[in-house]
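Colleague: show me how the following folds:
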Amino acid sequence: MTALFKLLQPELEIVRQRLIKETRMQGRTLPGLTWPVLNHLDQDFLPALVLLSAHTQGYFGPRALSLAAVFQFIFLASLIHNNVKHEVALETLVGDYFYTRFFDLLCRDGNLQFLAPLSQLICQIHLDAARQLEKAREGAVTARGNSFLEKLHTREYLAAAATYLGSQLGQAEPRVAQFWQEIGLLLGKLWNGQAVTVKATEAVERLAPGTVRELLGELVIQLGDELPVKRVMAL
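Modeller: This is a model prediction of the structure:
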């Protein structure tokens, strides 16, 4: 566990509990709900980016926790939708349910301003997946099971949006928000297995000296070290 995740652990635990709470109906777990198996990075990566970017811009309120849960719901829904096999009905329904929780949280917790960019993000995620699937069927992409999904950019899209929208919770100036978006994109590329360690390090080093730069620098190193490792679920 990186220092970033340790620092944010109390809030990350709140986000995890929020996810569980939001998937219960009258105190019961949603029928047919199976949580994707996630490693520690996949479990906390996006929520941590939302929280860190929001905190760096001075926002520490409940909307950051809610937005962190929103991004994790979108990520989980994308994993489920892109991992379906032959019996797709239940998986698709569960994935759709996670998407509905995202809409509900935005409306309930005062983050409706992010509905448009997040809706566009989801459209882009599905369009990317559809294009990759079409290429796989045409033989343009080697597809062994769901291995072609490794070429998707979902993690990059989500990480870039997480830091961008997180920074906007703190009323960041446009240039600052764009810089955070750049950092998120590079971290997302690393998370997705792309060798962009040098570029990510250079971007992080442009931050002012201090705790945030140190935390992100350590995260870049960890992500770089895990590049050769096959993740549990590739997106």
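Colleague: now do the strands in the chain.
Modeller: 24-25, 28-29 (DSSP state E).
Colleague: the last one - what's its average pLDDT?
Modeller: The reference is to strand 28-29. Averaging pLDDT along strand 28-29 gives 63.
Colleague: any idea which helix or strand in the chain has the lowest mean pLDDT?
Modeller: Ranked by mean pLDDT, DSSP states H and E, the weakest helix or strand in the chain is strand 28-29, scoring a mean of 63.
Colleague: so who does the residue nearest in space to the middle of the chain touch?
Modeller: Nearest to the mean C-alpha position of the chain, by C-alpha atoms, centre = their mean, lies Leu46 at 3.9 Å. Taking C-beta atoms under 8 Å, 6 or more residues apart in numbering, we find Leu46 in contact with 68, 71-72, 75, 158-159, 162. C-beta coordinates here come from the backbone N, C-alpha and C atoms, glycine included.
Colleague: kindly reformat these as TSV containing distance to Lys135.
Modeller: Converted to TSV, these look like this (distance: C-beta to C-beta, whole Å):
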residue	distance to Lys135
Ala68	33
Phe71	27
Gln72	28
Phe75	23
Leu158	22
Ala159	24
Ala162	27
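Colleague: please flag which of these sit within helices.
Modeller: Under the assignment DSSP state H, those contribute 68, 71-72, 75, 158-159, 162 to helices.
Colleague: which of the residues you listed has the most neighbours?
Modeller: Ala162 (32 neighbours; other C-beta atoms under 10 Å).
Colleague: packing partners for the longest helix along the chain?
Modeller: Of all the segments of type helix in the chain, defined by DSSP H, the longest one is helix 115-138. Applying 3 or more C-beta pairs under 8 Å, 6 or more residues apart in numbering; DSSP states H and E, one finds that helix 115-138 contacts helix 62-81, helix 88-108, helix 154-169.
Colleague: one more time with 7 Å
Modeller: In terms of contacts (3 or more C-beta pairs under 7 Å, 6 or more residues apart in numbering; DSSP states H and E), helix 115-138 is packed against helix 154-169.
Colleague: quick one, the helix it packs on and helix 62-81 angle?
Modeller: Interaxial angle, helix 154-169 versus helix 62-81 (axes from the mean of the first three to the mean of the last three C-alpha atoms, to 10 degrees): 170 degrees.
Colleague: now do helix 154-169: which elements does it pack against?
Modeller: helix 40-56, helix 62-81, helix 115-138, helix 174-191.
Colleague: Serialize these to TSV and add fields for distance to Glu11.
Modeller: Shown next, in TSV, are the helices and strands packed on helix 154-169 (distance: least, C-beta to C-beta, whole Å):
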stretch	distance to Glu11
helix 40-56	6
helix 62-81	6
helix 115-138	20
helix 174-191	18
